[in-house]
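Chemist: Predicted coordinates and the sequence they were generated for:
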Protein chains: 2
Amino acid sequence: MANGTPSASLVIGVLGGMGPRATVDFYSKLIAATPAECEQDHLRVHIDSNPQIPDRSEALAGRGESPGTVLAAMAAGLERAGADFLVMPCNTAHAFEPEIRAAVNVPFVSMIEEACASCDHLFPNSPRFGLLATRGCIEAGLYQKAFARLGRTPVVLTPADQERLMALLYRVKLGDLSSATRNAMRTFGEMLIDAGADAVIAACTEVPLVLSDGDLTRPVLDATTHLARRCVRYALRFEPLPAASISRT
Amino acid sequence: MANGTPSASLVIGVLGGMGPRATVDFYSKLIAATPAECEQDHLRVHIDSNPQIPDRSEALAGRGESPGTVLAAMAAGLERAGADFLVMPCNTAHAFEPEIRAAVNVPFVSMIEEACASCDHLFPNSPRFGLLATRGCIEAGLYQKAFARLGRTPVVLTPADQERLMALLYRVKLGDLSSATRNAMRTFGEMLIDAGADAVIAACTEVPLVLSDGDLTRPVLDATTHLARRCVRYALRFEPLPAASISRT
């Protein structure tokens, strides 16, 4: 462990700031998921919250600087600070996962893989999952590829509705958590259900800031909550880190 | 700036985890206090959230390991990670401020000093400030010494009530944000007002999780909010870091 703190639990490194409120949401959910009878039972977490990372969707559309170099440097910094494994509460940024993995020797736990594994576990008989995600996440096919491996089908918005969702996500990023924004997010969720989704994945970390399970006529699976819960289990060594999380062999 | 991110703003290092929800509260207030028109306008923050730091009040009572060594190591780690100045959203831990300062070359912005400066600024005609704080914070005289320099008088609970407040604070640390807890915190605040306080300081970072300005018959000053607001001003270079924050010369 870093800094000589004796502990049986693993230290979590968080690549954060995308956006900052989503990082707060992830860390809040990590705390809530941790079994603790006193403060000292909670997990040690190093968070590099860097909102100055270039926009992921813009980069994936070829319109801006790639965030890969900055993300790789942040990952290396978190490893130096003492993190035993890394996570990144931003779905879209997982398009740059190879650059992050190449920069570190510690495992990287994929939010996409964990969310899809949770879908598989919780909804074994639901073949179609709706994606409330950024344009970049959809275009990079992050969830679609993971679902294909599980024999599931993704449901996405039409390009025009996807652009409208994108504008809404940028409003949430700036702290607009109003009822108008919540209603608009609910409408996008129902569009996916109307298009055949059996459940909807909050597959952008801004989504659960304004949409919860119970808000739609079908279940909502929050990728942030599932990542947080899995991180607690890994950090407390309730189960081993997934083999696929190991960056270098 | 760390990791090559070009930025005019300063990077904030946060000694956190005391408790973890208080760290979330501080970072949420920092985000809310930041003027931002896009995600990239937000501040970069390195957070070392280490709930395994030994209990501050117990150490100050001579009953447990000192947290000084761990806090000093965390501070040095945050400096290495690229923090331009440090803050610590835990009032009681400021009893170990000299050890932290001795470990780093970057400024350390004191929560106690910032809260007292805000009291002085906001309530120029209020001579008596009630302290909702931990036993350790009271016994170390952290606020009392700062108020003495400003010619103000602290109001504290009786030792028996202070012990009851301490038990309540440990419940908040574990996530009990119930209405019973909120009512109990309000009762302690009113006790200070009955004892002559013109305003009450939420001088433990667990307090604002269950008590807000407007909840008492006199104003509540939240030390966490004021620290967050001041950090934003320093990080954006709206004003220079306080001379007293410089650790080594």
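Modeler: Sure thing, it's come through.

Chemist: what residues are up against the residue nearest to residue A:53 when sequence neighbours are not counted?
Modeler: Closest residue to residue A:53 apart from its sequence neighbours, by Cβ to Cβ, 6 or more residues apart in numbering or on different chains: residue A:67 at 4.7 Å. For every residue, glycine as well, the C-beta is placed using N, CA and C. By Cβ atoms under 8 Å, 6 or more residues apart in numbering or on different chains, the contact list for residue A:67 reads A:53, A:54, A:55, A:56, A:59, A:93, A:96.

Chemist: one more time with 10 Å
Modeler: The contact partners of residue A:67, by Cβ atoms under 10 Å, 6 or more residues apart in numbering or on different chains, come to A:18, A:50, A:52-56, A:58-60, A:74, A:90, A:92-93, A:95-96, A:99.

Chemist: And residue A:198, by the same measure?
Modeler: A:119, A:123, A:125-130, A:152-153, A:155, A:192, A:218-219.

Chemist: wait, residue A:77 sits on residue B:48?
Modeler: No: at 11.9 Å, residue A:77 does not count as touching residue B:48 under the criterion of Cβ atoms under 10 Å.

Chemist: With neighbour numbers in mind, choose between those two.
Modeler: The neighbour count for residue A:77 versus residue B:48, taken as other Cβ atoms under 10 Å in any protein chain shown, is higher for residue B:48 (29 against 23).

Chemist: so the more buried one bridges to which residues?
Modeler: Beta-bridge pairing for residue B:48 (DSSP bridges): residue A:46, residue B:15.

Chemist: was I right about it contacting residue B:73?
Modeler: Yes: with contact defined as Cβ under 10 Å, residue B:48 reaches residue B:73; the gap is 9.4 Å.

Chemist: Just the ones in strands from the contacts of residue A:198, please.
Modeler: Members of these lying in strands (criterion: DSSP state E): A:128, A:129, A:130, A:153, A:155.

Chemist: of the residues you listed, buried ones?
Modeler: Taking 16 or more other Cβ atoms under 10 Å in any protein chain shown as the criterion, what is buried in the ones in strands among the contacts of residue A:198 is A:128, A:129, A:130, A:155.

Chemist: out of these, who's nearest chain B?
Modeler: Using Cβ to the nearest Cβ, the shortest approach to chain B within those belongs to residue A:130, at 24.9 Å.

Chemist: quick one: the closest one and residue A:211 touch, right?
Modeler: No: in this structure, residue A:130 is not within contact of residue A:211 by Cβ under 10 Å, at 11.7 Å.

Chemist: Domain map for chain A?
Modeler: The record's domain parsing of chain A by automatic domain parsing lists A:2-110+A:225-245, A:111-223.

Chemist: chain center to the longest one, what's the gap?
Modeler: Shown here is domain A:2-110+A:225-245, whose average C-alpha point lies 9 Å from the average C-alpha point of the whole chain (Cα atoms, centre = their mean, to the nearest Å).

Chemist: cool, the last one as well?
Modeler: Using Cα atoms, centre = their mean, the distance from the centre of domain A:111-223 to the centre of the chain it belongs to is 12 Å.

Chemist: in chain A, which segments are predicted with low confidence?
Modeler: By pLDDT under 70, the weakly predicted segments of chain A are A:1-7, A:247-249.

Chemist: Apply 80 and report the result again.
Modeler: Residue ranges of chain A with pLDDT under 80: A:1-7, A:246-249.

Chemist: Spell out which residues are contacts of both of residue A:77 and residue B:48.
Modeler: A:46, B:81.

Chemist: can the domains of chain A go into a markdown table with extra columns for distance to residue B:176?
Modeler: Output for the domains of chain A, formatted as a markdown table (distance: least, Cβ to Cβ, whole Å):
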| stretch | distance to residue B:176 |
| --- | --- |
| domain A:2-110+A:225-245 | 12 |
| domain A:111-223 | 22 |
